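1. sequence and predicted structure below; questions after.
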Amino acid sequence: MHRRGWGRSLINKAALSWDRFKILIIIFFATAALILHAQKIGPGIVSNGTTSKTWTVERNGPDQPHDIPFQAYEVQSPQGVSICGSALKLGIPCDDVCGNIAPLLNHLSVHGKNTSKPELYFVPLDGIALLRSSNVTLYEEVLKRTLDSVYNGYSFMRLGGASHVLLCLGDVCKNVLLDVVKLHPMGRKSRIIWVGRKGHMEGKDQWACPDRAIVAPDSLTQALGLPNPTACNVNENQLWTGVHDLLAILNIMFSGINRWQCGRGKWDLGDVSPSAGLVVDREHKLALCPIPKCGTTRLRMLLRRMTNQPNWDSFDGGVIHLRSGLEVVHEKEKLLELFQDPSWIKVAFVRHPAARLLSGYLNKIVYSKWYSMIDPKQKTEPSLQQVIDSLAEVSKSDRLKHLDEHVRPLQFFCGFKDVRYDFLGKTPSMGDDLKDLLSSLGLWETYGASGWGKNKSMSILEASVYKAPNHSGSKVDEMLSDKMLEQLFSIFHRDYELLDFKPLDIGA
């Protein structure tokens, strides 16, 4: 939807701190742009339980492409961080340090930008690693800020980091894996992939998922002239082969159940107390945090089907929400066990705060006539503006967390402030997200592809699941004014920050 100036102002404010960071990097490196010039795969480790084996991909022949589809990908390059340019600025010959990493990033950037829906994200760290030997304090600051910007983005949160690849291949990268583990939670409790060189894998055993810390294929390092680069240029054909070999490995690591492969029995989450009530399916090791007004009816139906509950597709609200037969875990000790165990897939679906508030208003206040839902003194139907004004007053105290669950801020559900989920979907794309989740677990054909709808002939994407009266999806533009959106951004600002919502990207 299109909104006027206040929305653009909010976006500018939200981006201000990162812009300042970019300026800082530009100052330190004296350039704002990357200086980018134009058999069998080596080992990487994957485990199944405690047994390790090697990721391998065979080509049809030494010079033939792989018979697999490559995922769309994108480079999330730290802005203003130059590779060889930074080395030269520090007085170090390019070929002594960067080892032709710049052409690799150029190759990835050019070909990655040709895709419209990225599924893999590369985060190159060579440019930052160059700082390590000259200014450790600055290096750690820049590294942590870069990792923060990735960690707090929705593309990372959506799959708990399983779609992201930290890449560091130059001679300066020897200790960076261990630095990431020490400096940032993404290295200790996410499914992010690390790609490094042989001899540069110190700290692999401390990586959150050791099976996802892999050695770059020999064809790639050889194309880059590593470990003994002699010049800042490469053979483009060799580089293409090396990149494809890497993508072939990553494609397998990202496909199906491999996406969740970890190789660690337990994560140390530190001093956290998850405050979520999780609905669990022990057979499939799936745990759901149900949030009202975020597609919970459909999600509970799905879990009831997966756990073989009678009348799993009943539209009776009492059956779905109160007598579902589903196991719910509330005890903090048991919740912590679930969150620390990477073999459990923790799932949550969220909704834009403005759209969720509108849905709660229409369903609970207008249709169900619960006029005192927010203001106990309210005796007649309040307007939407009155409800938002009441919320603004409530937000001045600590009463937001005590509101009814249908309008309570998302920050008070699911322990979002303390823990991360393996799969974080959003309601506008719920159908596609559910198909992606079930497919990755090998459950789509059994529980999602058919058996839904009145005649049991539809998929979960096609079936019409209970739609609340006065459905809010078609009324967002009609009922939410610019003033209301600005107020809601202020009231729910922590939700916007925690879950990477954009003020204008409301959806339904």
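-> Received it, and whenever you're ready, just let me know what you need. Numbering: from 1, shown residues only.

2. how many other residues sit next to T380?
-> Counted with other CB atoms under 10 Å, the neighbours of T380 add up to 7. From N, CA and C alone the C-beta is placed, and that goes for glycine too.

3. do E393 as well
-> Using other CB under 10 Å, E393 has 12 neighbouring residues.

4. for it, pull up the helix or strand it's in.
-> E393 belongs to helix 384-394 when assigned by DSSP states H and E.

5. what's the following helix or strand after that helix?
-> If you walk from helix 384-394 toward the C-terminus, the next helix or strand you reach (DSSP H and E) is strand 423-426.

6. who are the packing partners of that next one?
-> In this structure, strand 423-426 makes packing contacts with helix 154-157, strand 345-350, helix 430-440, judged by 3 or more CB pairs under 8 Å, 6 or more residues apart in numbering; DSSP states H and E.

7. would you list the ones you listed in JSON lines and tack on distance to V136, mean pLDDT and mean neighbour count?
-> Output for the helices and strands packed on strand 423-426, formatted as JSON lines (distance: least, CB to CB, whole Å; pLDDT from 0 to 100; neighbours: other CB atoms under 10 Å):
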{"stretch": "helix 154-157", "distance to V136": "26", "mean pLDDT": "93", "mean neighbour count": "19"}
{"stretch": "strand 345-350", "distance to V136": "35", "mean pLDDT": "96", "mean neighbour count": "25"}
{"stretch": "helix 430-440", "distance to V136": "39", "mean pLDDT": "93", "mean neighbour count": "19"}
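
8. you'd agree L278 is up against W344?
-> No - L278 sits out of contact with W344 when judged by CB atoms under 8 Å, with a separation of 9.2 Å.

9. you'd agree E74 is in a strand?
-> Yes - with the criterion set as DSSP: H, G, I helix; E, B strand; the rest coil, the secondary structure at E74 is a strand.

10. surely it and K117 touch.
-> No - because the distance of 9.5 Å does not satisfy CB under 8 Å, E74 is recorded as not touching K117.

11. for the two, indicate the residue with more neighbours.
-> Taking other CB under 10 Å, E74 and K117 do not tie; E74 has more neighbours (18 against 7).

12. separation between that one and M186?
-> Relative to M186, E74 is positioned 18 Å away (criterion: CB to CB, to the nearest Å).

13. ditto for L498
-> According to CB to CB, L498 stands 16 Å off from M186.

14. so the two - more neighbours on which side?
-> Taking neighbours as other CB under 10 Å, L498 and M186 compare with M186 leading, 23 against 17.

15. doesn't I193 make contact with the more buried one?
-> No - between M186 and I193 there is no contact, the gap being 11.0 Å when judged by CB under 8 Å.

16. quick one: mean pLDDT for stretch 119-134?
-> Mean pLDDT, stretch 119-134: 86.

17. buried sites along that stretch?
-> Taking 16 or more other CB atoms under 10 Å as the neighbour-count basis, stretch 119-134 is seen to contain the buried residues 119-132.

18. can you list the low-confidence ranges for the stretch 101-250 of the chain?
-> Of all residues in the stretch 101-250 of the chain, those with pLDDT under 70 make up the ranges 110-116, 228-234.

19. hmm, 90 instead?
-> Low-confidence segments of the stretch 101-250 of the chain, defined by pLDDT under 90, are located at 101-120, 124, 126-135, 138, 142, 169-172, 221-245, 247-248.

20. where do the strands of it begin and end?
-> When secondary structure is read from DSSP state E, counting those that start in this stretch, the stretch 101-250 of the chain shows strands at 120-124, 164-167, 193-196, 213-215.

21. residues making contact with the first one?
-> Residues from elsewhere that reach strand 120-124, judged by CB atoms under 8 Å, 6 or more residues apart in numbering: 71-78, 83, 101, 105, 108, 112, 146, 150, 155-156, 163-168, 247, 250, 254.

22. may I see the buried residues of stretch 119-134 arranged in JSON lines, with distance to R356 as well?
-> Conversion of these to JSON lines gives the following (distance: CB to CB, whole Å):
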{"residue": "E119", "distance to R356": "27"}
{"residue": "L120", "distance to R356": "30"}
{"residue": "Y121", "distance to R356": "27"}
{"residue": "F122", "distance to R356": "33"}
{"residue": "V123", "distance to R356": "31"}
{"residue": "P124", "distance to R356": "37"}
{"residue": "L125", "distance to R356": "37"}
{"residue": "D126", "distance to R356": "41"}
{"residue": "G127", "distance to R356": "40"}
{"residue": "I128", "distance to R356": "38"}
{"residue": "A129", "distance to R356": "42"}
{"residue": "L130", "distance to R356": "45"}
{"residue": "L131", "distance to R356": "42"}
{"residue": "R132", "distance to R356": "44"}
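
23. from these, which is closest to E283?
-> Proximity of the buried residues of stretch 119-134 to E283 (CB to CB) peaks at E119, which lies at 27.9 Å.

24. is that closest one in contact with F254, as I believe?
-> Yes - the pair formed by E119 and F254 meets the contact definition of CB under 8 Å, at 6.8 Å.

25. neighbours around G270, how many?
-> Residues within reach of G270, counting by other CB under 10 Å, total 9.

26. three-state assignment of it?
-> Going by three-state DSSP, the secondary structure assigned to G270 is coil.

27. pLDDT score assigned to it?
-> The per-residue pLDDT of G270 was computed as 75.

28. ditto for S429
-> According to the prediction, S429 has pLDDT 88.

29. okay, now it: neighbour count?
-> The number of residues packed around S429, counting by other CB under 10 Å, is 13.

30. so which of L278 and W344 has more stuff around it?
-> L278 (24 against 20).
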